[in-house]
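coordinates for the following, if possible.
(4 chains)
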There are 2 protein chains.
Amino acid sequence: MIKKSTFEQIISQDMAEMWNTLTPDQKRIVTKNFTIQNFKKNQIIYAEKEAPEMLWCLLKGKVKMYKSGIGDRVQILRLYRPVQYFGYRAYFAGEPYVSSAAAFEPSTLGMLPMEVVDSLIRQNNDLAMFFIHELSRNLGGSDTKIVNLTQKHIRGRLADALLLLIENYGLEDDDSTLKIYMSREDLANLSNMTTSNAIRTLTAFTNEKLIIVDGRKIKIINEPQLRKISKFG
Amino acid sequence: MIKKSTFEQIISQDMAEMWNTLTPDQKRIVTKNFTIQNFKKNQIIYAEKEAPEMLWCLLKGKVKMYKSGIGDRVQILRLYRPVQYFGYRAYFAGEPYVSSAAAFEPSTLGMLPMEVVDSLIRQNNDLAMFFIHELSRNLGGSDTKIVNLTQKHIRGRLADALLLLIENYGLEDDDSTLKIYMSREDLANLSNMTTSNAIRTLTAFTNEKLIIVDGRKIKIINEPQLRKISKFG
DNA sequence: TCAAAACAGTGTTATTAAACACAAATTTAC
DNA sequence: GTAAATTTGTGTTTAATAACACTGTTTTGA
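Here you go, the predicted model:
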């Protein structure tokens, strides 16, 4: 058995979903072109209007994708956890980035030049289907988000955000504390409201015994009620 | 020269972008499985929660894709003109439809079972890239729409809607009359506001000599100013 | 370690847009 | 051809949420 490179170990273990579709030749191409980069807390990975050059793969940490809008307002569009891929949409669309990505916390990312990904897709239908599937799921999510963010009231939108955080990053061993610690501002940018209103609504949820807040640590006490608020509030 | 079937004529002429990627064998498969269906004004093509079965191709007419939200509110997500494809996202995502599609006016649509499309994609990388490109552009559009609809004020949102209608359906020979005649309600559903507010804002735009309204006929008089309102209003 | 910056929290006011209530005009269906 | 239904238009009220202003607290970085 030939000794595997560190990169190949990482890719084959963590990026199995993509790796397993590849032929030995294609695997060699990926290993050869793959690099790893560490990002500090709040460091920007790529920014709006830049040319998309890399497929990013989050190996460790947490990443937000966001878009700046009118005035100083920002909308967080998607959250990533290991092992998820991002940064490829703009390349496939033939556009500059319309959003930015930044690390929430110290994170490790793998990167693969999009030219390499492009040529692999043209050789490998399973890989093409992987991206078709990912893009399709994201598009459905964005369409749903349009309706949720424009039609729900503040309480419903914040409940949605909290439920998204549970789904995306999960809970600690106590089965109630959110694994992600976000600023009030990020929470507001996720749920399309001002920071003041995010704070006030968190307070309201605390008073209603739906959550317990301790700094940035949020414990989910009554998830069913949060779901009701998401649906009707 | 072999006489071509009517379907093959239609497909090869109107759906050239897709057709030209196919091998003779694949073209035969498409011709064999392709059907045409006419829809009346306001007729529903497919509805939310249904299982996606067909790739739809709009050959003639105008189609809206929309999603119902809280209470009786509806958000129009995308507009289609000939020759555009839709209805495939949910299939690729492995989900039921999250939106509905209906004809704005009497329309002719081609349809191809998604199983056929799926098997063609798995054989044909150019076709896979076609869908990757379409999905990527749509996803960028939805992400941009999220910010526009949540952060712009009513005037900016209605200006956006009018500019979208110009871009999507174009103008009559007079170079100012919109080719699409929409109800005030549809205009409201496109720009995330109540019908009353769509009517009032149209009146405001008329008073400001940006447009001339005659029933459902809208003439664009000052497009640069509409762009300014879209950007800053 | 200490000053500056960023973040969290709260009260007050202003603004936006929805909700509601009708009347008039137009379209649709029998 | 006409009654019913739908669409358009407008005035008024109400609710939601942003904007603003300020204090206290925590974090950061030299």
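
tell me the domain boundaries of chain A?
Chain A resolves into domains spanning A:6-149, A:153-232 when parsed by automatic domain parsing.

to chain B, which of the ones you listed lies closest?
Taking Cβ to the nearest Cβ, domain A:6-149 is the member of these nearest to chain B, at 3.7 Å. In short, each C-beta sits where N, CA and C put it, glycine included.

residues from chain A in reach of DNA strand D?
Within chain A, the residues that sit near DNA strand D (Cβ under 7 Å from any atom of the strand) are A:41, A:71, A:153-155, A:192-194, A:196-197, A:215.

now with 6 Å, please.
Counting by Cβ under 6 Å from any atom of the strand, chain A comes close to DNA strand D at A:153-154, A:193-194, A:196-197, A:215.

near the closest residue in space to A:Met193 that isn't next to it in sequence, how many other residues are there?
Spatial nearest neighbour of A:Met193, excluding adjacent residues (Cβ to Cβ, 6 or more residues apart in numbering or on different chains): A:Ile154 at 5.5 Å. Other residues lying near A:Ile154 total 18 when counted by other Cβ atoms under 10 Å in any protein chain shown.

for A:Ile199, see how far away A:Ile154 is.
Distance, A:Ile154 to A:Ile199, using Cβ to Cβ, to the nearest Å: 11 Å.

pLDDT weak spots in chain A?
The model of chain A has pLDDT under 70 over residues A:1-5, A:233.

what parts of it come near DNA strand C?
A:183-185, A:196, A:199-200, A:203, A:216.

what subset of the residues you listed is buried?
A:184, A:199 (16 or more other Cβ atoms under 10 Å in any protein chain shown).

nearest to DNA strand D among the residues of chain A next to DNA strand C?
Taking Cβ to the nearest atom of the strand as the measure, DNA strand D sits nearest to A:Ser196 out of these, at 4.5 Å.

may I have the phi/psi pair for that closest one?
Phi and psi for A:Ser196, reported as degrees, to the nearest 10, are phi -50, psi -50.

and the closest residue to A:Tyr46 other than its chain neighbours, what element?
Excluding its sequence neighbours, the residue lying closest to A:Tyr46 (Cβ to Cβ, 6+ apart) is A:Ala101, at 5.5 Å. Applying DSSP states H and E as the criterion places A:Ala101 in strand A:100-103.

show me what the helix or strand following that strand is packed against.
The C-terminal neighbour of strand A:100-103 among helices and strands, as given by DSSP H and E, is strand A:107-113. Here strand A:107-113 touches helix A:6-14, helix A:24-33, strand A:35-39, strand A:54-60, going by 3 or more Cβ pairs under 8 Å, 6 or more residues apart in numbering or on different chains; DSSP states H and E.

residues contacting the longest one, please?
Which is helix A:24-33. For helix A:24-33, the surrounding residues in contact (Cβ atoms under 8 Å, 6 or more residues apart in numbering or on different chains) are A:5, A:7-8, A:11-12, A:19, A:22, A:112-113, A:116, A:119-120, A:123-124.

picking up where we left off before, so how do I select the buried members of the residues of chain A next to DNA strand D in ChimeraX?
Here is the ChimeraX command that selects the buried residues among the residues of chain A next to DNA strand D (16+ other Cβ under 10 Å):
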select /A:154,193,197
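
could I get the residues of chain A next to DNA strand D as TSV with distance to A:Leu55 and secondary structure?
As requested, the residues of chain A next to DNA strand D are arranged in TSV below (distance: Cβ to Cβ, whole Å; DSSP: H, G, I helix; E, B strand; the rest coil):
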residue	distance to A:Leu55	secondary structure
A:His153	38	coil
A:Ile154	36	helix
A:Met193	33	coil
A:Thr194	35	coil
A:Ser196	38	helix
A:Asn197	37	helix
A:Gly215	36	coil
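
ok, back up a step: okay if I get the contacts of helix A:24-33 as CSV plus distance to B:Asn222?
Listed next are the contacts of helix A:24-33 as CSV, based on distance: Cβ to Cβ, whole Å:
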residue, distance to B:Asn222
A:Ser5, 62
A:Phe7, 58
A:Glu8, 61
A:Ile11, 55
A:Ser12, 60
A:Trp19, 55
A:Leu22, 55
A:Leu112, 48
A:Pro113, 45
A:Val116, 48
A:Ser119, 48
A:Leu120, 49
A:Gln123, 51
A:Asn124, 51
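
what about the helices in chain A?
For chain A, applying DSSP state H gives helices covering A:6-14, A:16-19, A:24-33, A:89-93, A:114-123, A:125-151, A:154-169, A:184-190, A:195-207, A:223-232.
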